[in-house]
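# 3D model of this:
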Amino acid sequence: GSSGILLSGLCITIAQITMVLSAKICGDYSGRYGRKVLFLIGLLSVPIRCGILFGLLQIKGDEEASTLLNIIILSTQLLDGVGAGTFGTMYILVTSDVSGGTGRFGLTLGLTTAAMSIGGTVSGYLGQVLAGRLDYQKAFFILMLLSLLPVALYFFCMPETLPEYSKEGNDDNANNTKNIASIQEGNEEDSHPDPEKVAQQIAQPEQKTGAYVEMY
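Down below sits the predicted model:
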């Protein structure tokens, strides 16, 4: 009825708002803490969400869900937004780190985007089939187990893609920034020379020429 439509609208709204905030946080802190930690947070949000929903459905049983239970179920959309915002930001940054300097960033980004789209389609279809043939509780449990696989693979097999010298707050990075700033200041001084220094440089050749004539 109307309550179902309201809950569906709130699910979408909460997930979208959280997704925007999560993407902003990933963009601000991925250069300081690296890509791997933030990406793992996004990956872990999926099994945690499935586990919470599995537990809530077990508590609910065959009875009608109360208002409090609906609010708790609705709050799990925060994790959905965290995962979506993290994936949407971090996979582009990781792809850029891996393919940087190769000239194949567009190709690599297209492959990763295609893989994400295929995974999302298969996941949605698999969840629907499991819920139809079994029930929602078992479907969330199976999806929770499946979503732990990429977490383990990324944690054990994927290294940090952000180089140490690129991290914000690194001493080498700070020294490089200072050197670049000093070079830029030197270029600005060259582009706006001091008139007195220019006059002295012009006068020096004339003095040498005069001394040479007198000796001759």
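# Touching, Asp97 and Pro159? I think so.
No. If you go by C-beta atoms under 8 Å, Asp97 and Pro159 don't touch, sitting 10.2 Å apart. To be clear about C-beta, it is placed using only N, CA and C from the backbone, and glycine gets the same treatment.
# Give the residue from those two that has the larger number of neighbours.
A direct count of neighbours by other C-beta atoms under 10 Å for Asp97 and Pro159 places Asp97 higher, at 16 against 6.
# show me the contacts for that one.
35, 161-163 (C-beta atoms under 8 Å, 6 or more residues apart in numbering).
# who's in contact with the residue most central in space within the chain?
Against the mean C-alpha coordinate of the chain, by C-alpha atoms, centre = their mean, the closest residue is Met90 at 2.8 Å. Residues in contact with Met90 (C-beta under 8 Å, 6+ apart) are 26, 30, 35, 38-39, 42.
# picking that back up, if you rank the contacts of Asp97 by neighbours, which is first?
That'd be Arg35 among the contacts of Asp97, by other C-beta under 10 Å, with 23 neighbours.
# So what does that residue have for phi and psi?
Taking degrees, to the nearest 10, you get phi -90, psi -40 for the backbone angles of Arg35.
# picking that back up, which of the contacts of Met90 has the largest number of neighbours?
Phe39 (25 neighbours).
# in the chain, which ranges drop under the pLDDT threshold?
In the predicted model of the chain, residues 1-4, 62, 65, 165-166, 168-216 satisfy pLDDT under 70.
# mind listing what's buried in the helix ranked longest in the chain?
When the chain is parsed with DSSP state H, its longest helix is helix 2-33. By neighbour count on 16 or more other C-beta atoms under 10 Å, the buried set for helix 2-33 is 14-15, 18-19, 22-23, 25-26, 30-31.
# can you give me the helices for the protein?
So, for the chain - with DSSP H - the helices run 2-33, 35-60, 67-75, 77-99, 105-133, 136-157, 171-191, 195-215.
# Return the distance of Ser96 relative to Gln137.
40 Å (C-beta to C-beta, to the nearest Å).
# quick revisit: what's near enough to touch the closest residue to the residue nearest to the centre of the chain other than its chain neighbours?
Sequence neighbours aside, Phe39 is the residue nearest to Met90 in space, at 4.6 Å (criterion: C-beta to C-beta, 6 or more residues apart in numbering). If you count contacts by C-beta under 8 Å, 6+ apart, Phe39 has them with 86, 90-91, 94, 154.
# Also Leu93?
So Leu93 contacts 26, 30, 35, 161-162 (C-beta under 8 Å, 6+ apart).
# Go again with 7 Å.
30, 35 (C-beta atoms under 7 Å, 6 or more residues apart in numbering).
# Report the buried residues of stretch 43-57.
Quick answer for stretch 43-57 (16+ other C-beta under 10 Å): 43-54, 56-57.
# is it possible to export these to a markdown table including distance to Thr112?
Shown next, in a markdown table, are these (distance: C-beta to C-beta, whole Å):
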| residue | distance to Thr112 |
| --- | --- |
| Leu43 | 14 |
| Leu44 | 20 |
| Ser45 | 19 |
| Val46 | 17 |
| Pro47 | 21 |
| Ile48 | 24 |
| Arg49 | 23 |
| Cys50 | 23 |
| Gly51 | 27 |
| Ile52 | 28 |
| Leu53 | 28 |
| Phe54 | 29 |
| Leu56 | 33 |
| Leu57 | 33 |
